[in-house]
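J.: take this sequence and fold it.
(2 chains, ligands or ions: 1)
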Amino acid sequence: MAAPVKTTVDNPTSTVRNLTIGKALNLGLRAAMEADDKVIVMGEDVGKLGGVFRITDGLQKDFGEQRVLDTPLAESGIIGTAVGLAVRGFRPVCEIQFEGFIFPGFDQISSQLAKLHYRTQGEIKVPVVIRVPFGGGIGAVEHHSESPESLFAHIAGLRVVSCSNAVDAYWMIQQAIRCDDPVLLFEPKRLYHSAAAKADVDTAASPDPLFASRVVREGSAATLVAYGPSVKVCLDAAAAAREEGTSLEVIDLRTLSPLDLEPVFESVRRTGRLITVSEAQPESSITSEIAARVQQECFFSLEAPVLRVTGFDTPYPPAKLEEHFLPDLDRVLHAVDRALAW
Amino acid sequence: MSSPEQWTRPEPGAGPAATAAQPSPEQVIAGLRATAEGGAELTQLLTPEGERQPSRFDPYLADIDDAALRGLYRDMVLVRRADRECNAMQRQGQLGIWVPLLGQEAAQVGSGRALKPQDMAFPSYREHGVAYTRGVDFRELLGIFRCTDHSAWDFREHGFHPYTIVIGNQVLNATGYAMGQKFEGKVGNTDPDGKPSDTDEATIVYFGDGATSQGDVHEGFVWAAVYDAPVVFFCQNNQWAISEPTERQSRLPLYQRARGYGFPGIRVDGNDVLACLAVTRWALDECRHGNGPVLIEAFTYRMDAHTTTDDPTRYRLSDEIEVWKHKDPIERVRVQLARTGAADQEFFDQVQADADAFAAELRDYCFNMPDPPPERIFSAVYAEPSSALDAQREEYLAYLSGFADGGEQ
Ligand SMILES: Cc1ncc(C[n+]2csc(CCOP(=O)(O)OP(=O)(O)O)c2C)c(N)n1
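T.: Sure, this is the predicted structure:
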């Protein structure tokens, strides 16, 4: 086993400048592995290659082959053995290469990972983290651009979160690893290496709680709610709307299960209008759930029906068409116009 | 390759191997050597030096005269040339991604040419050479990699199922298809002379060495065995699953796994087109007879990156590639043709010219491929009409037509 490492995490200024989401995840993983030697990283190609997105770059070199496992190519195997390792006291962090490949592991996730704690009434804890790059916009072939998060949010016993910027990426991965429940972290792959999502990360700060949503831009005319890659789309839309004199509030949901909707209710009571944005197919999704709960809680505050800007109820199309499938700034603003015209 | 019984386990406490999750350097080197050699049980009919070896599979090559061998050579040269062209077109931004087959031409052309028209092939995503042998025009593959469609060819006409990207899925699908062939009585109809009838069917399914770790592949083996399904499991062991060597998937040579499921497994030199052709014909015959499944491990090597997004310098040694260059599948046929006088320089030049023309046509086609219209997103989601989806389409198209340019964004 290689000697433990020095990383940039504990540099004296405690602020790491200009991190992409990808690099922030890498540093977050390092910090978690240094803090607890029961944390192990496992998945396909996570070792020498550093994962196909290089999120685990250098970890095997620095922490050794027993803490960063290049596993056989089998998702049920990865998740099923992670469950066993967790029962034994480890804290496995599994990488799924692309969201479209999580399904061979779906059985282990839904049948074991999500239910062991409940089944044993707390005797067994399964602190497994599953990292899932998700979403479209990278011009990929089939199975590399999907948004299946609602399926997992629907499984009781799992916690599901998603980051949209480098600061959250750095903290959420560590908080997820520390959490005693199984957590799926949906990572917006198209922003991994994007300059637009770069941020300075203060590694000495105290982060927001993991299972809380957050207002990321204040406004008064309507509320936009999104998570993952769609947060940036909403922030861009809000900036564009401002030019035309419309003030939009943007909420980053951050946690998809459990949903933290109090800030959303509070916002809708002020703005009277809600638009939810997500790349996922709309039917039976997280955006459906938000719409249902908001009409229940904020019925008398609503000035317009809750509108949704989403992908369509089709399989993800060939990538040459994804610009149509994915919610973009224009579609968000179009929905805002409709809500305001009510 | 040594048999499992001869394998020695590390002494207890003998260094890091006892607890390490990865093999020791010695184990890796031993594995590499085995990797390059293929072992004593490798079926080879044409050596890397282009020498023809006698084999018990020779009866399956009775029709392979000089002209047929020239044909196999031509197939491989064309397929390689087209593969290189696609790789280059990806670099020029014309394709979103390319999955190179360089080095695997013999495994694909040999096994593909063993099939009969009534057979069905289930590919993974690298089987461009098999596609070619099934009469699928290379141009029909391009849409997938240019991301204009998911699968464009007529699978029934070609006996070639759509590509499958989720590792291992197609193994079960192929097994089910083969069960159907059997349920319909399309196997075991022997002629009076004991040969399978001309209409008996079989299925072949392609997957990689990495795929053998997936549950679907194991389940495919189980189903095929239990139902005597006429399916040939054709594993192209190209030594790597992206960055993970075969040693990350198995302790045992992969072909030996078949035994545990109760059907024959055989390792063939995947860089030897004659061996691949002969052994696959034998295996398909077994299926046609109703003798159930066969596992073929075609021992080969991926000479290029996993895909155009991969960086193999991070995980493999260039020495390894040098070793495998000497086993080039095309070169050995060329040497054999030249040595026996079955082909002259004029033939080789002509094949090269044909290959260049083939590639030029492909390039031309690719550069002129139109993007699909937005309504394609909504087409053929369901076999029965869906009014909900129709409404989504109408709403979106109306939204698009609201733009000044009528939605031609
Ligand atoms: C279920 C699933 N998991 C992960 C992937 C990502 N992936 C694509 S190809 C590949 C390696 C496949 O290796 P192998 O089976 O040996 O086939 P080869 O590409 O070498 O022909 C991986 C991990 C996938 N496509 N499907």
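
J.: around the ligand, pick out the residues from chain A.
T.: Counting by CB under 6 Å from any ligand atom, chain A comes close to the ligand at A:44, A:73, A:75, A:97, A:101, A:104. Glycine gets a C-beta too; all of them are placed from N, C-alpha and C.

J.: show me the strands in the chain, by range?
T.: Going with chain A. Here chain A has its strands, by DSSP state E, at A:15-19, A:39-43, A:68-70, A:91-95, A:129-134, A:159-162, A:183-188, A:199-202, A:214-217, A:222-226, A:248-252, A:255-257, A:274-277, A:307-309.

J.: look at chain B instead
T.: Listed in chain order, the strands of chain B (DSSP E) span B:120-122, B:203-208, B:231-237, B:240-241, B:244-245, B:265-269, B:294-299.

J.: got TSV for those, with mean pLDDT and mean neighbour count too?
T.: What follows is the strands of chain B, written out as TSV (pLDDT from 0 to 100; neighbours: other CB atoms under 10 Å in any protein chain shown):
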stretch	mean pLDDT	mean neighbour count
strand B:120-122	98	26
strand B:203-208	98	28
strand B:231-237	98	30
strand B:240-241	96	24
strand B:244-245	94	22
strand B:265-269	97	25
strand B:294-299	98	28
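
J.: want to throw those into a markdown table with distance to chain A?
T.: Compiled in a markdown table, the strands of chain B are given as follows (distance: least, CB to the nearest CB, whole Å):
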| stretch | distance to chain A |
| --- | --- |
| strand B:120-122 | 16 |
| strand B:203-208 | 8 |
| strand B:231-237 | 13 |
| strand B:240-241 | 5 |
| strand B:244-245 | 5 |
| strand B:265-269 | 19 |
| strand B:294-299 | 16 |
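
J.: can you list those in a markdown table and add distance to residue A:296?
T.: Formatted as a markdown table, those follow (distance: least, CB to CB, whole Å):
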| stretch | distance to residue A:296 |
| --- | --- |
| strand B:120-122 | 49 |
| strand B:203-208 | 49 |
| strand B:231-237 | 53 |
| strand B:240-241 | 49 |
| strand B:244-245 | 49 |
| strand B:265-269 | 60 |
| strand B:294-299 | 57 |
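
J.: quick revisit: could you dump the strands of chain A to TSV with distance to residue B:202, mean neighbour count and mean pLDDT?
T.: Below are these laid out as TSV (distance: least, CB to CB, whole Å; neighbours: other CB atoms under 10 Å in any protein chain shown; pLDDT from 0 to 100):
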stretch	distance to residue B:202	mean neighbour count	mean pLDDT
strand A:15-19	55	15	94
strand A:39-43	36	24	98
strand A:68-70	36	25	98
strand A:91-95	38	26	98
strand A:129-134	39	26	98
strand A:159-162	45	26	98
strand A:183-188	42	26	98
strand A:199-202	58	17	96
strand A:214-217	59	17	98
strand A:222-226	51	29	98
strand A:248-252	55	26	98
strand A:255-257	47	23	98
strand A:274-277	50	28	98
strand A:307-309	49	22	98
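
J.: put the alpha carbons of stretch A:158-168 into CSV.
T.: Coordinates of each C-alpha in stretch A:158-168 appear next as CSV, following Å, rounded to 0.1, in the frame of the first residue of the first chain:
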residue,chain,number,x,y,z
LEU,A,158,-32.0,6.0,-0.3
ARG,A,159,-30.8,9.6,-0.2
VAL,A,160,-30.3,11.4,-3.4
VAL,A,161,-28.4,14.6,-3.9
SER,A,162,-27.0,16.6,-6.8
CYS,A,163,-24.4,19.3,-7.0
SER,A,164,-24.3,22.2,-9.4
ASN,A,165,-21.1,24.0,-8.6
ALA,A,166,-17.5,23.4,-7.4
VAL,A,167,-18.1,24.5,-3.8
ASP,A,168,-21.0,22.1,-3.3
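
J.: re earlier: quick one: closest of the strands of chain B to the ligand.
T.: Minimum separation from the ligand across those (CB to the nearest ligand atom) falls at strand B:203-208, 2.1 Å.

J.: closest to residue A:120 out of the strands of chain B?
T.: Closest approach to residue A:120 among the strands of chain B is made by strand B:244-245 (34.3 Å; CB to CB).

J.: strand partners of the closest one, parallel vs antiparallel please.
T.: Strand pairing for strand B:244-245, using DSSP bridges, gives strand B:240-241 (antiparallel).

J.: near chain A, which residues of the stretch 251-400 of chain B are found?
T.: Residues of the stretch 251-400 of chain B that fall close to chain A, judged by CB under 8 Å from any CB of the partner chain: B:309-311, B:314-315, B:371-372, B:374, B:376-378, B:381, B:388-389, B:392-393, B:396, B:399-400.
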